[in-house]
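**Q** need the 3D shape of this:
(2 chains)
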Amino acid sequence: MNKPAMPNSFRTGPDEQGMFGIFGGRFVAETLMPLILDLEEQWNHAKNDPEFKAELQNLSTHYAGRPSKLYFAEGLTKHLGGAKVFFKREDLNHTGSHKINNCLGQILLAKRMGKKRIIAETGAGQHGVASATVAARFGYPCIVYMGATDVARQSPNVFRMKLLGAEVRPVTAGHGTLKDAMNEALRDWVTNVEDTYYLIGTAAGPHPYPEMVRDFQSVIGSEARAQMLEQEGRLPDVIIAAVGGGSNAIGLFHPFLDDKEVRIIGIEAGGRGLDGVEHCASMNAGKPGVLHGNRTYLLQNSDGQILDGHSISAGLDYPGVGPEHSWLRDSGRVQYEPILDDEALEAFQLTTRVEGIIPALESAHAIAHAMKIVPKMDKDQLVIVNLSGRGDKDVHTVAKMLGMEI
Amino acid sequence: MTTRIDRRMAKLKAEGRPALVTYIMGGDPDYETSLSIMKTLPASGSDVIELGMPFSDPMADGPAIQAAGLRALKGGQTLARTLKMASEFRAGDDETPIVLMGYYNPIYIYGVDRFLADAKASGIDGLIVVDLPPEMDEELCIPALKAGVNFIRLATPTTDDKRLPKVLENTSGFVYYVSMTGITGSALADTAKVSAAVTRIKGHTALPVCVGFGVKTAEQARVIGASADGVVVGTAIVNAIANVLGPKGEKTADPAEAVATLVSGLAQGVRSARLAAAE
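**A** Residues are numbered from 1 along each chain as shown, chains lettered A, B, ... in the order given. Predicted coordinates:
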């Protein structure tokens, strides 16, 4: 790839066509196009409307429990013996992950647009749970598409969604993971376009979703930046987040993009290694292509057929990534590194033991990278890891990996 | 510059009947069988052939065409082989228009310029790419038009009068009206509404308007063909192939024959439809 020219600011995208450089765009069927244009218009009004902002602010505070804490992980810091490690505690949000930030914003938009029905796709089930939660809170019927493989490995979340009144529709196509769930959600949307709001869970899909989801998630980085300035009197040296579709990562990264002294690292699922096909490191091992409404790095074969990929973490098990990450990768502003299943599993266990925090397997990927770099850093350096979700949902997967019965 | 599509549509208009546009998935269930099916289509009464380019993630397609795409990919089909299939067909038939239909990514990966050159050389006349709306015209539509390949746009029930001119702007060959908001293979929409939509689109363009999504029987083809310039049948043909495949993909009867029987019936349907005298 040609390296794009270094922009004055990394925070101005996308352009009016929804492009971040060559990435992003609106690659959708004509049936959806009028709706996507309408969504963009409504979103442009809403984001500048004080009433919309006040309602979202109120729900974020009193319903979701924001701001989330920036916690000094003393146990992990001592264990690693290098830089000071901080966790941005998105795991403490209502529903247990960062996903609620985006769902609250989008449900208010759905209400504003007069939609009658909510659909969502989910991988780990965190977004499905958050969608089902806001649908329950605002009185909408909600249908969640979830790959059949994920239904099996994230059964606690499936039950939570059902309790919340959502209908979970297992998708058996492909490997039965997030990609297939997204295809099926798009098929539902194209069929029920008049009355249905598609609540996309990550910073991907056709414009304006990548921008909109990023803006709803940027509360993570805005808070973390202010909290670090308040607690330590300066900006962090390194910030790290796991990247599946990339919503928690772009939420943390975006407010820091123009802080040149802050090193930003996104962690992809390295699965069983990048040599084979059992990973989801689209930016390390894929190439640009078009899927699910946007151009971005994708795992694909030489004929442009999309590969399924693999990750121990259902939330990272996606062969693409949000388009802004692809642009940040090519521009060199953010560095993207893979972490293997086994490394994430080790980080999961270590964090649980030394911090008394069970992290989501997704977040454990980010922690695993911190474990690699923190010991080599100075003791006065500062690292923020986005603890995007709690790991209760993953205990069955981890037990199985460790050969234990529960 | 006229294409085979323009010439064929003009000829049918002179005859006063709509076109039968038939869709098959390239390489379903395997290359040789698919080519043999394709070769029988004109003799069975197909006027235009839509040749599907299989894609792993067909977001606008129902279960039947999803399965056909998977069969083709399993059988080793690639975009290069789909183009080869078209050129092998073209060697024996220089009249029947071929329209490639599918999704953008395989074309993007093949390389747009290389694809257009190879498509042209293979005797391809038009393209339908589901996930390229007019907002993305710079990607493939404009280069295709420059290369002399028709770019056939989908208009849908959600394409209102305000948006229609944008959809029609760079469309050529014909306009493909999608009869419903939905995926391929769904039940046919209210035919009166479809006729009204066709009339509405014709008010904006001189191009022929073909209707697809949901047409499965000769009778439906006749009813839709009364107002449309063409009727597209896809899922029913793909199902005719699937129906003669056993659980392991083995052929229980000749797929080409099964398709020929179905298409002959559909051809009867469109031939009994008369375009309005006012045309």
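**Q** so where do the strands sit in the stretch 1-150 of chain B?
**A** Using DSSP state E, counting those that start in this stretch, the strands of the stretch 1-150 of chain B run over B:19-25, B:48-52, B:98-102, B:126-129, B:150-151.
**Q** where in chain B is pLDDT low?
**A** Across chain B, the ranges flagged by pLDDT under 70 are B:1, B:274-279.
**Q** and for the nearest residue to A:Leu382 once chain neighbours are set aside, the neighbour number?
**A** Counting by CB to CB, 6 or more residues apart in numbering or on different chains, A:Leu382 lies nearest to A:Pro236, which is 4.3 Å off, once chain neighbours are set aside. (Each C-beta comes from the backbone N, C-alpha and C, glycine too.) Neighbourhood size, A:Pro236 [other CB atoms under 10 Å in any protein chain shown]: 25.
**Q** so A:Pro236 sits against A:Gln227, correct?
**A** No: A:Pro236 is not in contact with A:Gln227 according to CB atoms under 8 Å; the separation is 10.1 Å.
**Q** still on that earlier bit, redo the strands of the stretch 1-150 of chain B as TSV? Include mean neighbour count.
**A** Below are the strands of the stretch 1-150 of chain B laid out as TSV (neighbours: other CB atoms under 10 Å in any protein chain shown):
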stretch	mean neighbour count
strand B:19-25	28
strand B:48-52	26
strand B:98-102	25
strand B:126-129	24
strand B:150-151	22
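**Q** out of those strands, nearest to A:Gln106?
**A** Counting by CB to CB, A:Gln106 lies closest to strand B:126-129 out of those; the figure is 28.9 Å.
**Q** mind listing what the closest one pairs with, with the direction of each?
**A** Looking at strand B:126-129 with DSSP bridges, its partner strands are strand B:98-102 (parallel), strand B:150-151 (parallel).
**Q** what does the longest helix belonging to chain B contact?
**A** Counting by DSSP state H, the longest helix found in chain B is helix B:255-271. For helix B:255-271, contacts defined as CB atoms under 8 Å, 6 or more residues apart in numbering or on different chains pick out B:17-20, B:22, B:24, B:29, B:33, B:36-37, B:39-41, B:43-46, B:217-222, B:225, B:231, B:233, B:236-237, B:240-241, B:243-245.
**Q** got the angle between it and strand B:19-25?
**A** Helix B:255-271 and strand B:19-25 are oriented at 150 degrees to each other (axes from the mean of the first three to the mean of the last three CA atoms, to 10 degrees).
**Q** could you give the separation of helix B:255-271 from the chain centroid?
**A** When distances are taken as CA atoms, centre = their mean, to the nearest Å, helix B:255-271 is centred 16 Å away from the chain's centroid.
**Q** stretch B:19-38 now?
**A** Relative to its parent chain, stretch B:19-38 has a centroid offset of 11 Å by CA atoms, centre = their mean.
**Q** now the residue of the stretch 301-406 of chain A found nearest chain B: phi and psi?
**A** Nearest to chain B, among the residues of the stretch 301-406 of chain A, is A:Gly304, at 3.4 Å (CB to the nearest CB). Note on A:Gly304: backbone dihedrals following degrees, to the nearest 10 are phi 80, psi 20.
**Q** my guess is A:Val290 meets B:Ile107, correct?
**A** No: assessed by CB under 8 Å, A:Val290 is found out of contact with B:Ile107, at 9.1 Å.
**Q** and the most centrally placed residue in chain B, what is it in contact with?
**A** Central residue of chain B (CA atoms, centre = their mean): B:Glu50, 3.4 Å from the mean position. Residues in contact with B:Glu50 (CB under 8 Å, 6+ apart) are B:21-24, B:99-101, B:128, B:232, B:234.
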